[in-house]
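# coords please:
(one chain, ligands or ions: 2)
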Amino acid sequence: MTRANEWSLPGGGFSFEVIHQATKSASKVTVLETGLITFEPINRVTQHDIVLSSAVHGNETAPIEICSDIIGQLIRGELMLAERVLFIFGNPASMNIAERFVEENMNRLFSGGHSQDQGQGTGLINKERHRALLLENTVRDFFEAGSELNTEAGTERQRSHYDLHTAIRGSKCDKFAVYPFLHGAPRKKSQLQFLNACGVSTILLSHAPTTTFSYFSSNEFGADAFTVELGKVRPFGENDMSQFVQVRETLTKLVSGQALGLTPYIDEDFNLYEISQVINRQHEAFSLTFTDDVENFTDFPKGHVLAIDGDIEVKTQQDGEAIIFPNANVAIGQRALLTVTPTTLA
Ligand SMILES: O=C(O)CCC(=O)N[C@@H](CCC(=O)O)C(=O)O
Ligand SMILES: [Zn+2]
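Ligands and ions are numbered 1, 2, ... in the order given. The predicted structure is shown next:
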């Protein structure tokens with residue numbers, strides 16, 4: 001690692017330069033806060049502002065390992081930096097206790113959710129609410145600073161945000177992405193090709209605004225943003241990282257400007273689903289009708305009872321509706337499961 005011109009920032013962060021070993025090109029690394037790190041090429045034109053976030057849920061460790069690996073290569077000067085990148089480790093306090101969150105699920109607190117009482121009881125500001133606001137401001141600053149920069153003539157600056165997660169239970173398709181609601185704008189096949197190169201070919205199309213981090217970046221900054229689910233929650237040391245080689249290599253190529261080698265878009269390469277029902281828990285007495293080993297993407301016939309919420313039976317509304325993210329242990333008012341049905345791109 002090469003460190004030069006180290007200097008402190010008024011907010012308590014610090015910056016330093018790293019030199020890429022092979023090309024001798026310099027980049028500025030800025031640690032804005034715990035878990036918030038930007039990498040910016042010095043004296044080179046960039047065209048893409050990339051946000052890579054992990055640990056919005058602190059016990060989802062495989063994405064943390066993938067991002068740490070890329071950061072390590074950049075800091076040691078082994079990997080060329082071609083674009084501006086903001087790495088976010090979302091919830092360090094929950095990483096430290098190896099839990100999904102400390103007080104409240106942070107991925108329900110974006111787009112202003114941090115400032116509303118969403119049925120969490122007191123409505124007081126807790127760790128996750130502070131952090132969600134900080135993450136919003138950090139992403140805003142990062143994208144806005146990018147738009148001040150020159151790009152190559154004739155090219156439009158791009159914004160991306162891949163918010164990396166792992167699912168709580170096993171999945172029939174163990175890597176999949178949620179494509180946030182675009183308010184009628186067309187879904188981008190080029191983004192699906194990129195996800196496919198990451199080994200993610202199952203995509204859920206959302207049809208409504210949410211308070212997730214990926215919807216925030218998509219809706220507020222026009223970023224190509226996705227929640228990307230990579231396997232199942234496991235403690236550090238228990239991830240089979242060979243399952244994530246494609247995503248690690250593709251993200252590495254993205255930040256270093258290497259050819260991505262995307263294959264042409266063909267429908268057959270993808271399993272596309274649309275989100276059919278968003279089922280929020282309404283009562284203290286809430287239970288799912290299936291066990292924890294029933295995997296995401298398991299489908300049921302029309303009229304099958306999925307959950308009992310108070311005295312309400314929550315049922316599938318059509319044949320082949322499949323369950324995603326079922327979790328009976330959520331706060332009242334929050335999402336207890338999604339259902340999806342197969343679809344195609346319009
Ligand atoms: O497996 C689960 O139950 C949850 C995994 C997870 O954290 N998923 C995200 C999805 C966000 C989205 O819908 O875009 C979440 O629940 O926050
Ligand atoms: Zn998660």
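
# I figured residue 98 was touching residue 234, is that so?
No - counting by C-beta atoms under 8 Å, residue 98 stays clear of residue 234, with 10.5 Å between them. Any C-beta I mention is one placed from the backbone N, CA and C, and that applies to glycine too.

# can you pull the contacts of the nearest residue to residue 197 once chain neighbours are set aside?
Excluding the flanking residues, the one nearest residue 197 by C-beta to C-beta, 6 or more residues apart in numbering is residue 250, at 4.6 Å. For residue 250, the contact set (C-beta atoms under 8 Å, 6 or more residues apart in numbering) comprises 194, 197, 198, 199, 260.

# counting neighbours, which of the residues you listed comes out on top?
With neighbours set by other C-beta atoms under 10 Å, the maximum within the contacts of residue 250 is found at residue 198, which has 23 neighbours.

# where's that residue relative to ligand 1, distance?
Separation of residue 198 from ligand 1 (C-beta to the nearest ligand atom, to the nearest Å): 16 Å.

# next, give phi and psi for the closest residue to that residue other than its chain neighbours.
In this structure, residue 198 finds its nearest non-sequential neighbour in residue 247, 4.1 Å apart by C-beta to C-beta, 6+ apart. Per-residue torsions, residue 247: phi -70, psi -40 (degrees, to the nearest 10).

# same check, this time on residue 315
According to degrees, to the nearest 10, residue 315 has phi -120, psi 160.

# could you check the pLDDT of it?
At residue 315, the model reports a pLDDT of 98.

# go on, residue 116?
85.

# any chance you could map the strands in the stretch 51-200 of the chain?
With DSSP state E, counting those that start in this stretch as the criterion, the stretch 51-200 of the chain has strands at 84-89, 158-167, 175-179.

# skip the chain neighbours and tell me the closest residue to residue 310.
Residue 310's closest residue in space is residue 283 (C-beta to C-beta, 6+ apart), at 3.3 Å.

# quick check: the one you found touching residue 307?
No - the criterion here is C-beta under 8 Å, and residue 283 misses it with residue 307 at 10.4 Å.

# okay, those two: which has more neighbours?
Set residue 283 next to residue 307 and count neighbours by other C-beta under 10 Å: residue 307 wins out with 20 against 11.

# residue 109 and residue 204, how far apart?
Using C-beta to C-beta, to the nearest Å, residue 109 is found at 21 Å from residue 204.

# pick out whichever of these two has more residues nearby.
Applying other C-beta under 10 Å to residue 109 and residue 204 shows that residue 109 carries more neighbours, namely 29 against 24.

# how near is that one to residue 129?
Using C-beta to C-beta, we find residue 109 at a distance of 6 Å from residue 129.

# what do you get for residue 321?
Residue 321 is 34 Å from residue 129, by C-beta to C-beta.

# again, but for residue 267
42 Å.

# okay, the two: which has more neighbours?
residue 129 (21 against 9).
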